[in-house]
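Q: Here is a sequence with its predicted model. Questions after.
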Amino acid sequence: MRARNKFLLSAVMMTLLSSTMAMPSSWAAAGLNSEGRVFATTADSKFESTGNATVNGVVASNGGQVTIGSLDTPNADKLPKRYRQPAFITGMLDNSSIQVDGGVMDVTTAPWTSPYPLAFAYNSKINIGVDDEGTVKHKVLNMQGDVLVSDKTMPPYQQQQPSVINIGLGRAHNSPNQFSGKAVNTLEDKGGEINMTFDGGMWSHDNMGGLEPFMIDGKEARSSINTLTGTRTREGFSRISQDSRSDIHVNKLDGHINVIYDMSASTGLNFGKPASQKTGLDAADIEGGNFIVKSAAAGSGVHGYVTGDNLDTSSESNVNKILDNLAHKFYYENYVKGERNLSGTVSIASKGIVSSYKKALTTDKKEGDITWKDGNGQGSYVVPEPKPVTPVTPDPKPVTPVTPEPKPVTPVTPAPKPVTPVTPAPKPVTPVTPNPKPVTPVTPDPKPVTPVTPDPKPVTPVTPAPKPVTPVT
């Protein structure tokens, strides 16, 4: 049964590709066919182009691999008809892979309609603007069209393999990468994934058409992102413009992302009532779908903005009501399970910034925190109670006496003044004759005389030297 199912699916692929390839007795398994479509249709087939390629479609199947540096679509009138290929970029079967670093791709042939999705993956992987490691390419990238992971309309294939589309939205030449369309995944319960990495880019969430042949109502289908990787802080300006009334569901949010709800006359959603009547005080004025986060990495944040031509911000109570209506658009599902990793804010954006690709990310009115409800994780804006201000008496600080540094004293020598000698007046001298005093003779006391006996000195005897005797004859 498995082999037969695989044969049936391969037959479908061959039918889709029969007009894209010359089919002589020996035909190439990868290349660019005569109708301008790139293909790689066997496990050992590869197509690689490092430059810019303008083609009518890309197909990798049965394990084929395609790598293109920059991919552009031709003029709309040159796009193949719907029955010729499932999508502009198609990956099918046996872990086929397609890597597209950048390009300008638009599969819309008229406003809000497409002949098919921009990208379709079934048992294969497609990277657009990002590589396998999750590194955003930061090349020029503009994508207009839905992306789809699904097995709908495909013959049964028992050997389930990963079906993945990865999208990276960065910046190039100081301009954001842009993706306009939905990201629909009907294989969430079978391991199918659509992952998005933001690094300064923008996603305009809206139905581009082309999903109906897969038995999917593009207007009602929600977008499902397995992992949405935002920027480190909200100032990264990565943003989603919620231009559809259908929801965006994120299985896991890692980082910060800005979500904008536009009620302007020219670019906003105005199906319920005209923009001129949208004051923001009615919850129904914000027509965009909900933004639902199931789980979040620690330190992640979602930041909602609302802009419009006629928002009534004439009073503080009106501002608080608008912020609360906006907060109701956000859900944190795992909050009810005790997870506390996601913070949120809501703001009223600057009036008059309504370009479809450059939304206001600043607020000149007010911003507040989102409070998640315990029952269902829905957001709300609770006006914070004013906190009493307790006067703070500073602790007395000891005063350290400051001893001035001694300064050297320069002695001052006074200028010498001339001294005038003073000659005293002569006074007469009277001679003084002293009175005679009697003289008493003094007899000295007699002192005893002690006789001195000299010390005896030893007498050394003198022996005369002998004289020779001369004999007398």
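A: Structure received.
Q: Quickly list what Ser124 is bridged to.
A: Taking DSSP bridges as the rule, Ser124 bridges to Ser96.
Q: Oh, that last question was meant for His205, not what I typed.
A: Beta-bridge partners, per DSSP bridges, of His205: Gln242.
Q: Could you report the neighbour count for it?
A: As a burial measure, His205 scores 23 neighbours (other C-beta atoms under 10 Å). From N, CA and C alone the C-beta is placed, and that goes for glycine too.
Q: That one against Arg239, yeah?
A: No: His205 sits out of contact with Arg239 when judged by C-beta atoms under 8 Å, with a separation of 10.7 Å.
Q: For Leu32, give me its contacts.
A: Taking C-beta atoms under 8 Å, 6 or more residues apart in numbering, we find Leu32 in contact with Val38, Phe39, Phe47, Val55.
Q: Where does the prediction get shaky in the stretch 201-350 of the chain?
A: Applying pLDDT under 70 to the stretch 201-350 of the chain flags the ranges 350.
Q: Point out where the stretch 1-150 of the chain drops to low pLDDT.
A: 1-28, 81-84, 110-112.
Q: switch the cut-off to 90
A: Flagging of the stretch 1-150 of the chain using pLDDT under 90 yields the residue ranges 1-30, 32-37, 44, 74-86, 108-115.
Q: ranges for the strands of it?
A: 30-32, 37-40, 46-54, 57-61, 65-72, 89-106, 119-128, 141-144, 147-149 (DSSP state E, counting those that start in this stretch).
Q: so what does the second one touch, helix or strand wise?
A: For strand 37-40, the packing partners by 3 or more C-beta pairs under 8 Å, 6 or more residues apart in numbering; DSSP states H and E come out as strand 30-32, strand 46-54, strand 57-61, strand 65-72.
Q: domains of this structure?
A: Following automatic domain parsing, one finds the domains of the chain at 1-229, 233-387.
Q: can you redo those domains as CSV with distance to Thr393?
A: What follows is the domains of the chain, written out as CSV (distance: least, C-beta to C-beta, whole Å):
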stretch, distance to Thr393
domain 1-229, 49
domain 233-387, 18
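Q: Ok, which of the ones you listed comes nearest Pro416?
A: In terms of C-beta to C-beta, the element of the domains of the chain nearest to Pro416 is domain 233-387, at 80.6 Å.
Q: about what we covered before: Pro414: which of the domains of the chain is closest?
A: domain 233-387 (73.6 Å).
Q: can you give me the end-to-end distance of the closest one?
A: Start to finish, the residues bounding domain 233-387 are 28 Å apart (C-alpha to C-alpha, to the nearest Å).
Q: circling back to that earlier point, turn the contacts of Leu32 into a markdown table, columns for distance to Thr413 and neighbour count.
A: A markdown table is the format used below for the contacts of Leu32 (distance: C-beta to C-beta, whole Å; neighbours: other C-beta atoms under 10 Å):
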| residue | distance to Thr413 | neighbour count |
| --- | --- | --- |
| Val38 | 106 | 24 |
| Phe39 | 111 | 24 |
| Phe47 | 105 | 23 |
| Val55 | 105 | 19 |
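Q: between those residues, which is closest to Leu93?
A: Comparing those against Leu93 with C-beta to C-beta places Phe39 closest, at 13.1 Å.
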